[in-house]
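Asks: Here is the input, now give the coordinates:
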Amino acid sequence: MFNAQYFRTFMMLVETGSFTQTARKLEMTQPGVSQHVRKLEEYVARSLLNRHGRRFTLTEAGRRTYDYAVKLFAEHEQFRHSLDDDSADSGECRIASPGSVGLMFYPFLLGYQQMYPGLTVNYSFAFNRDIAQEVAAGRLDVGIATDVAKHAELECQAWHQEPLCVVVPADFAGTTFGELLALGFVNYNDGEANASLVLKQNFADEFRGMSRFPRRGFTNEVGQVLDAVARGLGFTVVPRPVLETSPWQRQVKELSLPQPVYETLYLVARRDVALPKRYRQLLDTFRQQRLNSLYGYSELPSLEGT
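Replies: Numbering: from 1, shown residues only. Alright, predicted model coming up:
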């Protein structure tokens, strides 16, 4: 019969190399240690030790049994910590966000997991509607969305804001609304909505909607939209993380505008589930890093009215 304690005793015996030390560490008798080893040999139907008086060496089966015991108890510890909602640095994290957030957030998660090997991060790039559905179904614990999730089972909380950037080709010398109009617009899934927010705030007297702008192209991958801008095909409006992580940063530039406009990010979670501490620490750490990077302090731009 399988008995995990037999594997534990054998693993300790191999690591100490001594029946006496094993008995002391496990608070057993030496005959008890010998009995556990014998029972384990009966279970695997193989000899595990080559005995040489008081010394021993491992048989091939013994080496494989030790390796299995190490994995067994490592997985046991990982499983035990995964059930501990009060642990800030262990357990599984199931989270998703749109690409505009994920381009920066996912690399952060990988670095965070390297710092805390007890964490397992399962991350998805997804659209807002899919994030809401997956969280409501329990397949995700947390979503970061760029729009309010209207679902009876979900709680949606304004969490962070990222500046929206008007991005033009590096050699673009214009500054006026008319010059942007002549340049044309490169669109992506949230492109028109983001552009409308920025242009309405900064060119209120001239902006009459995005339909006036010539379309220079579309991509459903926000991380690729700046490739078209870098080639001089038009301008676009993206959240700051897209610009900061883009490989085309030297071929484009942000157009300076007098009125800053922000994209609000929302945390989406089930109303009936309290988020474990590991999520709160992870999210707070990322948010603080972004605030320090953007503003040099920990004050958010006002979230009123979102």
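Asks: CA only for contacts and neighbour counts going forward, please
Replies: OK.
Asks: so how far is the first residue of stretch 107-126 from its last?
Replies: 16 Å (Cα to Cα, to the nearest Å).
Asks: Only the buried residues of that stretch, if you could.
Replies: 108-109, 112-113, 118-121, 123-126 (16 or more other Cα atoms under 10 Å).
Asks: Looks to me like Phe56 is in a strand.
Replies: Yes. Assigned with DSSP: H, G, I helix; E, B strand; the rest coil, Phe56 falls within a strand.
Asks: How about residues contacting the helix or strand harbouring Thr22?
Replies: Assigning secondary structure by DSSP states H and E places Thr22 in helix 19-25. With Cα atoms under 8 Å, 6 or more residues apart in numbering as the test, helix 19-25 has contacts from 9, 12-13, 16, 28-30, 32-34.
Asks: of the buried residues of stretch 107-126, the lowest pLDDT goes to which?
Replies: The lowest pLDDT within these belongs to Gly118, with 87.
Asks: In space, what's closest to that residue - neighbours in sequence excluded?
Replies: Ser90 (4.3 Å; Cα to Cα, 6 or more residues apart in numbering).
Asks: Now for that neighbour, how many residues are close by?
Replies: Neighbour count for Ser90, taken as other Cα atoms under 10 Å: 23.
Asks: Now do the strands for this structure: every range, in order, please.
Replies: Applying DSSP state E to the chain gives strands spanning 49-52, 55-58, 91-97, 119-125, 142-145, 154-169, 185-187, 215-218, 236-239, 252-254, 262-270.
Asks: tell me how far the last one is from the chain's mean position?
Replies: Its chain's C-alpha centre and that of strand 262-270 lie 15 Å apart, by Cα atoms, centre = their mean, to the nearest Å.
Asks: on contacts alone, who are the packing partners of it?
Replies: helix 128-136, strand 142-145, strand 154-169 (3 or more Cα pairs under 8 Å, 6 or more residues apart in numbering; DSSP states H and E).
Asks: Buried among the contacts of helix 19-25? Need that as a selection in ChimeraX.
Replies: This is how ChimeraX selects the buried members of those, with burial counted by 16+ other Cα under 10 Å:
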select :9,12,13,30,33,34
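Asks: Which of the contacts of helix 19-25 fall within helices?
Replies: Among the contacts of helix 19-25, DSSP state H puts 9, 12-13, 16, 30, 32-34 in helices.
Asks: Just the helices from the stretch 151-300 of the chain, written as ranges.
Replies: For the stretch 151-300 of the chain, the helices defined by DSSP state H, counting those that start in this stretch cover 177-183, 191-202, 225-230, 240-244, 277-295.
Asks: Can you add mean pLDDT and give these back as JSON lines?
Replies: What follows is the helices of the stretch 151-300 of the chain, written out as JSON lines (pLDDT from 0 to 100):
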{"stretch": "helix 177-183", "mean pLDDT": "97"}
{"stretch": "helix 191-202", "mean pLDDT": "97"}
{"stretch": "helix 225-230", "mean pLDDT": "98"}
{"stretch": "helix 240-244", "mean pLDDT": "97"}
{"stretch": "helix 277-295", "mean pLDDT": "93"}
